[in-house]
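Peer 1: Dropping a prediction and its sequence here:
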Amino acid sequence: MLLKSPPTPMRKPFIAGNWKMYKTIADARALAHGLRSKLDALSDRDVVVCPPFTALAAVAQELQGSSLRWGGQNAHWEREGAFTGDISAHMLADLGCTYAIVGHSERRQVFGETDAMINKRMHGTLAAGLTPIVCIGETLAEREAGKTYAVLERQIKESLAGLNPASTVVVAYEPVWAIGTGQTATPDQAQEAHAFVRKQYAGAYGPPAAQALRILYGGSVKPDNSKFLMEQPDIDGALVGGASLDVESFSKIVRYNL
Ligand code: PEP
């Protein structure tokens with residue numbers, strides 16, 4: 001009898017823009033409007049923008065009824081409470097968000113967020129019915145010290161602790177040395193790290209969940225390198241910072257193979 005190997009699962013490409021602390025409400029509206037006109041027709045990939053909290057309602061209005069989705073750049077785990085300055089995942093859901101970034105390296109490095117805190121944010125995001133985009137990645141010093149895989153292993157274990165394998169999360173591998181520096185990981189470096197992440201995930205949550213997991217690469221993704229990154233078997237999409245702030249450059253990244 002001929003034994004067939006199982007079919008390779010199709011992971012829908014996922015491209016998300018992290019607008020960080022940029023864009024007034026009017027500028028965010030214009031950017032969302034421009035992206036909608038360029039990208040709305042694409043149904044074979046997921047496109048998500050994560051504006052600053054102040055512009056979410058305006059962006060939601062601009063994108064309502066389109067194929068584009070929007071999300072928060074962070075999310076608090078409690079539904080409400082005395083947490084001055086934070087925004088809950090429940091509040092993001094109220095704005096029509098479907099995603100929230102958690103554990104971005106800027107949150108880890110500038111604001112001292114820990115894996116334990118990020119884990120709470122991930123669970124709170126899921127409890128609010130959103131999909132978390134959980135960011136992990138090593139610093140330059142960690143890479144140079146040969147600690148990349150140990151760091152990724154710890155971040156996956158602790159940031160995702162207690163995850164139900166039936167829940168949908170997106171993981172973003174973002175080497176800190178590549179974020180906002182113009183120094184992109186090579187496709188081979190990124191693929192190697194993504195394959196490691198998928199293997200770790202399979203060990204913790206089982207091979208089917210790992211095969212379905214979408215792993216994004218983030219770190220100086222630009223129109224001229226997105227295609228080469230996306231060609232790698234374990235790279236399922238991109239989390240884009242600087243280049244997501246402009247209609248032309250983000251649209252080119254989303255249309256990497258068109
Ligand atoms: C990011 O902020 O997640 C990011 C990857 O930034 P950049 O694309 O600017 O490196």
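Peer 2: Nice, thanks for sending it over.
Peer 1: you'd agree residue 215 is up against residue 198?
Peer 2: Yes - in this structure, residue 215 is within contact of residue 198 by C-beta atoms under 8 Å, at 6.4 Å. Placement of C-beta: from N, CA and C, glycine included.
Peer 1: give me the residue from the stretch 1-150 of the chain nearest the ligand.
Peer 2: Nearest residue of the stretch 1-150 of the chain to the ligand, counting by C-beta to the nearest ligand atom: residue 18, 4.4 Å away.
Peer 1: Just the CA coordinates for stretch 140-160, please, in PDB.
Peer 2: Below are the C-alpha coordinates for stretch 140-160, written out as PDB (Å, rounded to 0.1, in the frame of the first residue of the first chain):
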ATOM      1  CA  LEU A 140      22.500  41.500  20.300                       C
ATOM      2  CA  ALA A 141      24.400  40.700  23.500                       C
ATOM      3  CA  GLU A 142      22.500  37.500  23.900                       C
ATOM      4  CA  ARG A 143      23.100  36.500  20.300                       C
ATOM      5  CA  GLU A 144      26.800  37.300  20.500                       C
ATOM      6  CA  ALA A 145      27.000  35.200  23.700                       C
ATOM      7  CA  GLY A 146      25.400  32.200  21.900                       C
ATOM      8  CA  LYS A 147      22.300  32.400  24.000                       C
ATOM      9  CA  THR A 148      19.700  33.000  21.300                       C
ATOM     10  CA  TYR A 149      18.000  29.600  21.600                       C
ATOM     11  CA  ALA A 150      18.100  29.600  25.400                       C
ATOM     12  CA  VAL A 151      16.400  33.000  25.400                       C
ATOM     13  CA  LEU A 152      13.800  31.900  22.900                       C
ATOM     14  CA  GLU A 153      13.100  28.700  24.800                       C
ATOM     15  CA  ARG A 154      12.600  30.600  28.100                       C
ATOM     16  CA  GLN A 155      10.400  33.300  26.500                       C
ATOM     17  CA  ILE A 156       8.200  30.700  24.800                       C
ATOM     18  CA  LYS A 157       7.900  28.600  28.000                       C
ATOM     19  CA  GLU A 158       7.200  31.600  30.300                       C
ATOM     20  CA  SER A 159       5.300  34.000  28.100                       C
ATOM     21  CA  LEU A 160       2.900  31.200  26.800                       C
END
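Peer 1: ok, residues contacting it?
Peer 2: 102-103, 115-116, 118-119, 122, 134, 136-139, 169, 171, 173, 175-177, 193, 196-197, 200-201, 204 (C-beta atoms under 8 Å, 6 or more residues apart in numbering).
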